[in-house]
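*Asks:* Turn this into a model:
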Amino acid sequence: MTKLSVNINKLATLRNSRGGNNPDLIKSALDIERFGADGITVHPRPDQRHIRYADVYALKPLLSTEFNIEGNCTEQSFVDLVLATRPTQVTLVPDAVGQLTSNHGWNTIGHKNYLTDIITVFKNAGIRVSIFVDPVVEMVEGAKATGTDRIELYTESYAKQYAADKEAAIAPYIAAAEKARALGLGINAGHDLDLQNLAYFSQQITGLEEVSIGHALICDALYLGLENTVQLYKRCLKQ
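*Replies:* Numbering: from 1, shown residues only. All right, here's what the predicted structure looks like:
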């Protein structure tokens with residue numbers, strides 16, 4: 001079954017808005033695991049406006065599920081953090097400095113040499129590597145050439161088109177996933193997946209190993225409760 005990794009950035013944003021430690025990020029992460037999540041995702045940024053580097057160090061020895069650290073590997077501080085904490089997986093995202101949220105995948109052809117070098121660094125440390133890609137067959141082929149273990153399909157365009165025409169929305173993702181499987185790449189996905197569009201995505205993408213969901217899940221939890229929401233998302237992945 002596809003694994004659910006819960007991104008806890010928004011919980012950190014709420015905590016940071018008032019100072020102090022409410023909500024308690026560590027307790028929240030451990031509770032999310034207890035509620036049934038298969039992993040915890042964090043995406044620290046240089047300004048530490050949500051997840052702080054100290055949070056990453058604190059979480060690593062306490063988590064019992066998979067730990068996924070997302071971020072921009074062109075920042076040396078991010079590279080150092082990942083190598084120091086050695087998560088289960090590092091997901092490489094081509095964010096610009098100060099970017100509000102991730103909004104595109106890597107140009108795996110244009111950045112092949114750089115990605116190959118940095119992926120080798122992480123893999124030599126025993127860390128599984130996934131890289132953000134748009135649902136473009138050529139970018140998937142380029143990802144294979146970098147030596148990455150997995151790709152993470154960037155799903156914003158699917159989410160935006162889903163209500164109008166879900167078959168058209170999913171089509172490029174099916175093609176990209178088929179190419180990834182043919183090349184022996186693992187398949188993750190994330191960005192704007194929610195309770196409305198997740199089940200269909202999961203049903204259509206054969207071999208989907210993991211989804212990373214944060215913003216929508218935390219928003220749903222305000223109405224539905226955190227434990228119930230985690231289980232509802234898990235249920236979407238069982239269909």
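*Asks:* so where's this structure uncertain?
*Replies:* Scanning the chain for pLDDT under 70 picks out 96-103, 239.
*Asks:* what residue lies at the spatial centre of it?
*Replies:* By C-alpha atoms, centre = their mean, the chain has its centre lying nearest to Ser212, at 4.1 Å.
*Asks:* where's the closest residue to that one other than its chain neighbours relative to Ala84, distance?
*Replies:* Counting by C-beta to C-beta, 6 or more residues apart in numbering, Ser212 lies nearest to Gly190, which is 3.8 Å off, once chain neighbours are set aside. Placement of C-beta: from N, CA and C, glycine included. Separation of Gly190 from Ala84 (C-beta to C-beta, to the nearest Å): 24 Å.
*Asks:* Among those two, which residue is more densely surrounded?
*Replies:* Gly190 (25 against 12; other C-beta atoms under 10 Å).
*Asks:* residue ranges of the strands in the chain, please?
*Replies:* Under the criterion DSSP state E, strands of the chain are mapped to 3-7, 39-42, 66-71, 89-92, 128-133, 150-154, 186-190, 208-213.
*Asks:* can you pull the contacts of the residue nearest to the centre of the chain?
*Replies:* Ser5, Val6, Asn7, Gly39, Thr41, Asn68, Glu70, Thr91, Glu152, Asn188, Ala189, Gly190 (C-beta atoms under 8 Å, 6 or more residues apart in numbering).
*Asks:* Need the max-distance pair from the residues you listed.
*Replies:* Farthest apart among the contacts of Ser212 by C-beta to C-beta are Val6 and Glu152. That separation is 15.0 Å.
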